[in-house]
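Visitor: just to be clear, the model below is a prediction. Sequence and coordinates:
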Amino acid sequence: MKQQPIQLSVITATRNRPAQLAHCLHQFHRQSPGNLNCEQIIVSDGKDPTAKLLAKHWGARFFELPEPRGHAGAFAKDFGIQQARGEFVCFWDDDNIYEPHALATLFATALGNDIGVVRTRHRLRVRNQLTTLPRHWSGAFRPGDVDTMCVAVKRELALKESWGDDHPPPGTDFRWLQKLEAHQPRIRYVPVRIGYHL
């Protein structure tokens, strides 16, 4: 029987956060994807035998960078994109909360486009309060108004630019998306909230 192509790859960069990673893996399996075919890819930023065991237990593909690279997992995300088999990629941080419709919403928003953008509740570091991102979608990414968990990107486009660079975090997600914008992608925005960035 021919296997259905993978439509969406979920990439999680992690390192030495077993409780958060276990929760993230559990949330992936709580999704209501319908007939959407997804894979979960865990990339450890350096050696992490516990993450490897957790990924194996939950049936996720596991990779690890030989040495920690830092930069909020930017280099691990690059590696995850290279290993992904899906038509689209999205990024789940291991400390976020995802609604059961998150993957289906991300994929449906991106389908037929290059980038899909949805919404999330986000705890602002400065004032320690929750807000919704993007606040007001203008058709372009703005610093401070987007989070990694808000986007699904066609893998073909995602491979054209790297997350990892010489700029330290925060802002690696915005800089990567800004580089993708230079390719004049088709972007679709749907104001459906898929979770919480805490």
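Guide: Arrived safely, thanks for sending. Numbering: from 1, shown residues only.

Visitor: drop to CA atoms for contacts and neighbour counts, all remaining ones
Guide: Will do.

Visitor: could you list every helix and strand that the one helix or strand residue 90 maps to packs against?
Guide: Secondary structure assignment for residue 90, by DSSP states H and E: strand 88-91. The contact analysis (3 or more CA pairs under 8 Å, 6 or more residues apart in numbering; DSSP states H and E) places strand 88-91 against strand 8-14, helix 102-110, strand 151-154, helix 155-158.

Visitor: buried stuff in the longest one?
Guide: Residues of helix 102-110 classed as buried: 102-107, 109-110 (neighbour count, 16 or more other CA atoms under 10 Å).

Visitor: need these in TSV (columns: pLDDT).
Guide: Rendered in TSV, the data for the buried residues of helix 102-110 read as follows (pLDDT from 0 to 100):
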residue	pLDDT
102	96
103	96
104	96
105	96
106	97
107	97
109	97
110	97
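
Visitor: most widely separated two among these?
Guide: Using CA to CA, the buried residues of helix 102-110 span at most 12.4 Å, a distance reached by 102 and 110.

Visitor: just after the strand holding residue 90, pick out the following helix or strand.
Guide: Moving toward the C-terminus from strand 88-91, the next element (DSSP H and E) is strand 97-98.

Visitor: can you tell me the helix or strand for the nearest residue to residue 66 once chain neighbours are set aside?
Guide: For residue 66, ignoring the flanking residues on the chain, the nearest one in space by CA to CA, 6 or more residues apart in numbering is residue 46 at 5.3 Å. Per DSSP H and E, residue 46 falls between elements, in no helix or strand.

Visitor: what are the phi and psi angles of residue 46?
Guide: Main-chain torsions, residue 46, degrees, to the nearest 10: phi 110, psi 180.

Visitor: could you shift the numbering so residue one becomes 630, and keep it that way?
Guide: Understood, numbering begins at 630; the last thing we discussed is residue 675.

Visitor: from residue 696, how far off is it?
Guide: Distance, residue 675 to residue 696, using CA to CA, to the nearest Å: 4 Å.

Visitor: one step back: for residue 771, find the nearest of the helices and strands packed on strand 717-720.
Guide: Among the helices and strands packed on strand 717-720, if distance is taken as CA to CA, the winner is strand 780-783, at 13.4 Å.

Visitor: in its sheet, what does that closest one sit against?
Guide: strand 717-720 (antiparallel), strand 744-752 (antiparallel) (DSSP bridges).
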